[in-house]
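Q: Here you go, sequence then predicted model.
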Amino acid sequence: MDLVNEFFAERAQLYDVIVEFDKKHKQSLIKKLTSEKKKGDFLSLITEINFGLFFDQFCTKIEYDKKIGGQTPDWTLDVNGQTVLAEVMRLNASQSDQIRIEKMDEQIDQGNLHSSINPINYNYLRLSGENSAFLKKAKKYETLIRRNKLPYIICTYMHHESWFKKSDMTDFLANFHVLESSMEHPEPVYLSKDTVPKRLDCVSGVLLRINDMHTYYHNFSENNLLSEENQHVLTNQAMY
């Protein structure tokens, strides 16, 4: 069974929605899904499309992988006449945690779950460390954003096997200390009205998706290029 048939076997309604979305915006997304052979890349594309469906509720125009200045952000959006760039990241279980999960699943299937299996030990540095996917996304388009003076949204899908919760993202983004033993050097990093580190100054906001629920975190930097109108649009739309 190919990845499309396997994934949409019990998601026929979602498939129909994507087909209509693809027809509307002419982005060849169904063709891309059909041609994808690697499961990880396929799921990443599904995640990107799900954010596209969210944006479709209020955007006049949506373009996928449009080349701008030699780079291809996942989504280029027209929101009330303002061009906004959006890049998607998928926060999965770490490689070590995934190995533990697979071992636990194997033990359960065999009816022989031993207490000797190490528990999940998620590390908050995966979210806030210098090498985290989040900060890499923040840096990836910094030159493009500053040169073209474009608002930039980081879209984050938090998979349940990542073991992060919405409160973890809220604490991280809302400038609170995350007091966990795995966080060696907790520090305030984002969304403070008083101070926003330069490394995140180019990010207009973060759109978090958990299951089918969205939350928008606005960056209160005085250099934020997202219009006030569109800030309210994202904030309000994410509430439904």
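A: That came through, no problem.
Q: which ones are touching the most centrally placed residue in the chain?
A: By C-alpha atoms, centre = their mean, the mean C-alpha position of the chain lies nearest to residue 156, the distance being 1.8 Å. Taking C-beta atoms under 8 Å, 6 or more residues apart in numbering as the criterion, residue 156 is in contact with 88, 89, 90, 91, 134, 169, 206, 207, 208, 209. Where you see a C-beta, it was placed from the backbone N, CA and C, and this is true even at glycine.
Q: Tell me the secondary structure at it.
A: strand (DSSP: H, G, I helix; E, B strand; the rest coil).
Q: again, but for residue 43
A: Following three-state DSSP, we place residue 43 in the helix state.
Q: Thought residue 90 was touching it, still the case?
A: Yes: Residue 43 is within contact range of residue 90, at 7.2 Å (criterion: C-beta atoms under 8 Å).
Q: Give me the mean pLDDT for the longest strand seen in the chain.
A: Ranked by residue count under DSSP state E, the longest strand found in the chain is strand 82-91. Average pLDDT, strand 82-91: 93.
Q: how near is residue 54 to residue 157?
A: Separation of residue 54 from residue 157 (C-beta to C-beta, to the nearest Å): 11 Å.
Q: Please apply the same query to residue 72.
A: Going from residue 72 to residue 157 by C-beta to C-beta gives 19 Å.
Q: and what of residue 34?
A: From residue 34 to residue 157 the distance is 22 Å (C-beta to C-beta).
Q: neighbour count winner among the two?
A: More crowded of residue 34 and residue 157, by other C-beta atoms under 10 Å: residue 157, with 22 against 14.
Q: May I have the residues that are in contact with that one?
A: Listed by C-beta under 8 Å, 6+ apart, the contact set of residue 157 reads 47, 50, 51, 88, 89, 90, 91, 209, 210.
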